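A.B. asks: just the structure for this:
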Amino acid sequence: MKVGGAFPGQYLKSADLQGRRVQVVIDQVTHEDIGGDQKPVAHFKGKDRGLVLNKTNANSIWGICGTDEMDDWSGVAITLFPSKTEYQGKRVDCIRIDPPDVQVAAPARSRPAPPPTEPAQQMDDDEVPF
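C.D. replies: Numbers count the residues shown, from 1 in each chain. Below you'll find the predicted structure:
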């Protein structure tokens, strides 16, 4: 058994994803006392542990669902994936957020899909603008 498995903790951490992309649906966002500070925590449908949101991840969810009102994020599907970031001068594991890989549940306020675009045209090296 790995140390992380022996002490699972209350919140998600990068190791919990086991190197995989995991699609989840936000149930609610609460504000909880984390180390003496009030921080937003995203809780997911069917999951026991939530994800403490930093500014980067909160902005990612905002971009996916189109609103910065965290109370409106319920029902929004997102994909969690393990990554790395700089923290106090060291490279550390983290969780980042992408749009859903596959549509699981439509957000409460879904936006219409953009119209299909024409395929990109091939450019010769001479046409590259720099």
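A.B. asks: what mean pLDDT does stretch 27-43 have?
C.D. replies: Averaging pLDDT along stretch 27-43 yields 97.
A.B. asks: can I assume residue 27 sits in a strand?
C.D. replies: Yes. If the criterion is DSSP: H, G, I helix; E, B strand; the rest coil, then residue 27 is within a strand.
A.B. asks: any idea how far it is from residue 91?
C.D. replies: 32 Å (Cβ to Cβ, to the nearest Å). C-betas here are computed from N, CA, C, even on glycine.
A.B. asks: which one's more surrounded, the two?
C.D. replies: residue 27 (16 against 9; other Cβ atoms under 10 Å).
A.B. asks: isn't the more buried one up against residue 41?
C.D. replies: No. Assessed by Cβ atoms under 8 Å, residue 27 is found out of contact with residue 41, at 11.0 Å.
A.B. asks: low-confidence bits of this structure, can you list those?
C.D. replies: Along the chain, segments meeting pLDDT under 70 span 1-8, 102-130.
A.B. asks: residues touching the longest helix seen in the chain, excluding its own?
C.D. replies: Ordering each helix of the chain by length in residues (DSSP state H) puts helix 55-65 first. Helix 55-65 is contacted from outside by 26, 40, 42, 51, 53, 68, 70, 72-73, 76, 78, 85, 95-99, 107, 109, using Cβ atoms under 8 Å, 6 or more residues apart in numbering.
A.B. asks: between the helix or strand just after that helix and helix 55-65, how many degrees?
C.D. replies: Going down the chain from helix 55-65, the next helix or strand is strand 77-87, by DSSP states H and E. Strand 77-87 runs at 160 degrees relative to helix 55-65, counting by axes from the mean of the first three to the mean of the last three Cα atoms, to 10 degrees.
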